[in-house]
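Student: show me how the following folds:
(one chain, ligands or ions: 1)
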Amino acid sequence: MPTQTLRWRDDALILLDQTRLPEELVYATYRHVEELARAIEGLVVRGAPAIGLAAAYGVVVGARAAVNCAPEAFCRRVEDAIARLARTRPTAVNLFWALDQMQEVLAANRGRDNHAICDALLEAAHRLFEEDRQICRQIGAHGAVLLRDGSQVITHCNAGGLATADYGTALGVVYAAQEAGKKVAVFADETRPLLQGSRLTAWELMQSGIDVKVICDNAAAVVLRNEAIDCCIVGADRIAKNGDVANKIGTYGLAILAREHGVPFYVAAPVSTLDMALASGAEIPIEKRDAAEIRNGMGKPTAPDAVPVYNPAFDVTPCDLVSAIISEKGVARAPYEPTLRAWVEL
Ligand SMILES: CSC[C@H]1O[C@H](OP(=O)(O)O)[C@H](O)[C@@H]1O
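Tutor: Predicted structure coming up:
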């Protein structure tokens with residue numbers, strides 16, 4: 001993964017602007033919480049782990065902007081930053097998990113001077129970033145054993161280095177298999193309406209020299225029918241304790257197609273994507289996004305401008321369609337709850 005999704009430099013958060021890919025490699029600098037919040041809402045940075053990391057650094061941005069306030073006002077401003085970042089996107093639980101980590105650091109350092117609190121918050125954000133890099137590689141290692149040399153896989157959306165600190169979750173499995181000497185060919189669903197597959201996954205895999213073909217989302221059925229597909233592998237934004245998986249819209253349909261064709265359907269995600277407070281996927285909040293994303297697909301009219309639109313950004317794949325869940329702790333198979341609980345408690 002030759003480019004960095006996000007990095008902290010000169011007291012600011014630098015984001016690769018993923019809305020400009022694949023045509024342009026543009027980095028943007030964020031020193032204000034509101035600007036960063038809008039960047040998360042606009043998918044400048046996207047992908048469950050990357051959203052969490054951007055928000056963690058966003059708390060540091062907010063703290064530094066308030067460092068000259070009186071202590072109580074400073075802490076209020078930091079908590080306001082956390083609250084604003086928590087309102088950006090509702091589905092990826094990693095966002096709330098990361099913000100909770102930052103809230104704990106603030107609470108543990110109350111009473112210290114503002115600069116010391118800023119330093120503690122920055123140290124925590126860096127720790128989360130480095131942990132994510134390691135976790136993605138652990139997920140990759142666990143998942144790579146599921147792929148044979150010469151595997152053909154279908155992915156959906158982008159769960160690669162662009163969705164994480166780097167390396168990725170679903171694509172991390174592909175990278176790890178390739179590093180283990182196994183040749184892997186990827187069919188990347190374009191993933192309407194925002195085309196994270198054709199714009200981001202294809203770009204990322206080509207940068208890494210991995211065999212990739214882009215397919216229309218509605219071609220996945222015939223690819224599963226006509227090609228020797230070994231598995232489907234996707235990321236996740238939130239996994240309920242029974243193993244139901246919220247992921248990019250279209251994932252549920254791909255899982256049904258995989259089952260119809262007798263192809264394993266794997267989900268790769270860090271433990272921070274588990275939401276053990278939810279009994280099932282029915283309780284996962286699904287982000288509804290603006291109609292313009294469908295009416296003006298990536299910038300040009302593709303539907304009447306007054307046509308009503310239904311644009312859920314995610315769907316839920318029932319656990320019975322999931323062949324295995326791969327995390328940094330290992331590979332879980334149904335029934336999922338006991339293993340997921342052990343992963344969270346380990
Ligand atoms: C590694 S999690 C990536 C996950 O996030 C994507 O959603 P979005 O691009 O809207 O942030 C998609 O659901 C991916 O599977």
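
Student: which residue ranges form the strands in the stretch 1-150 of the chain?
Tutor: Assigned by DSSP state E, counting those that start in this stretch, the stretch 1-150 of the chain shows strands spanning 6-9, 12-16, 27-30.

Student: give me the outermost residue of the chain relative to its centroid.
Tutor: Ranking residues of the chain by C-alpha distance from their mean position (Cα atoms, centre = their mean) puts A70 at the top, at 36.5 Å.

Student: residues in contact with stretch 17-32: which ones?
Tutor: With Cβ atoms under 8 Å, 6 or more residues apart in numbering as the test, stretch 17-32 has contacts from 3, 5, 11-16, 36, 39, 42-46, 58, 61, 64-65, 162, 199-200, 202-203. (Each C-beta comes from the backbone N, C-alpha and C, glycine too.)

Student: same thing but 6 Å
Tutor: Residues outside stretch 17-32 that contact it (Cβ atoms under 6 Å, 6 or more residues apart in numbering) are 12-16, 36, 44, 162, 199-200, 203.

Student: between the two ends of it, what distance do you get?
Tutor: 16 Å (Cα to Cα, to the nearest Å).

Student: which bits of the protein sit near the ligand?
Tutor: When proximity is defined by Cβ under 6 Å from any ligand atom, the chain lies next to the ligand at 46-49, 157, 159, 163-164, 169, 196, 234-235, 237, 247-248, 313.

Student: per-residue pLDDT, Q4?
Tutor: Reported pLDDT at Q4 in the predicted model: 89.

Student: give me phi/psi at the closest residue to the ligand within the stretch 1-150 of the chain?
Tutor: Closest to the ligand within the stretch 1-150 of the chain is R46: 3.4 Å, counting by Cβ to the nearest ligand atom. As for R46, its main-chain torsions (degrees, to the nearest 10) stand at phi -150, psi 170.

Student: may I see the buried residues of the worst-scoring helix or strand of the chain on mean pLDDT?
Tutor: The helix or strand of the chain with the poorest confidence is helix 292-295; it has a mean of 94 (mean pLDDT, DSSP states H and E). Across helix 292-295, burial judged by 16 or more other Cβ atoms under 10 Å covers 293-295.

Student: could you dump the strands of the stretch 1-150 of the chain to a markdown table with distance to C118 and mean neighbour count?
Tutor: Shown next, in a markdown table, are the strands of the stretch 1-150 of the chain (distance: least, Cβ to Cβ, whole Å; neighbours: other Cβ atoms under 10 Å):
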| stretch | distance to C118 | mean neighbour count |
| --- | --- | --- |
| strand 6-9 | 12 | 16 |
| strand 12-16 | 13 | 20 |
| strand 27-30 | 16 | 16 |
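
Student: hang on, the earlier thing: and which of the contacts of stretch 17-32 is nearest A255?
Tutor: Closest approach between the contacts of stretch 17-32 and A255, by Cβ to Cβ: L200, at 20.9 Å.

Student: count of residues packed around that closest one?
Tutor: By other Cβ atoms under 10 Å, the residues close to L200 number 27.

Student: contact partners for the nearest residue to it once chain neighbours are set aside?
Tutor: Spatial nearest neighbour of L200, chain neighbours left out: N158 (3.9 Å); criterion: Cβ to Cβ, 6 or more residues apart in numbering. Taking Cβ under 6 Å, 6+ apart, we find N158 in contact with 196, 200-201.

Student: low-confidence stretches in this structure?
Tutor: The chain contains residues with pLDDT under 70 at 1-2, 298.

Student: all helices for it, in order.
Tutor: Along the chain, the stretches classed as helices by DSSP state H are 33-41, 48-65, 71-86, 93-109, 114-144, 170-179, 202-207, 220-226, 251-260, 292-295, 336-345.

Student: which helices and strands does the third one pack with?
Tutor: Judged by 3 or more Cβ pairs under 6 Å, 6 or more residues apart in numbering; DSSP states H and E, the packing partners of helix 71-86 are helix 33-41, helix 48-65, helix 93-109.

Student: at 8 Å instead, please
Tutor: helix 33-41, helix 48-65, helix 93-109, helix 114-144 (3 or more Cβ pairs under 8 Å, 6 or more residues apart in numbering; DSSP states H and E).
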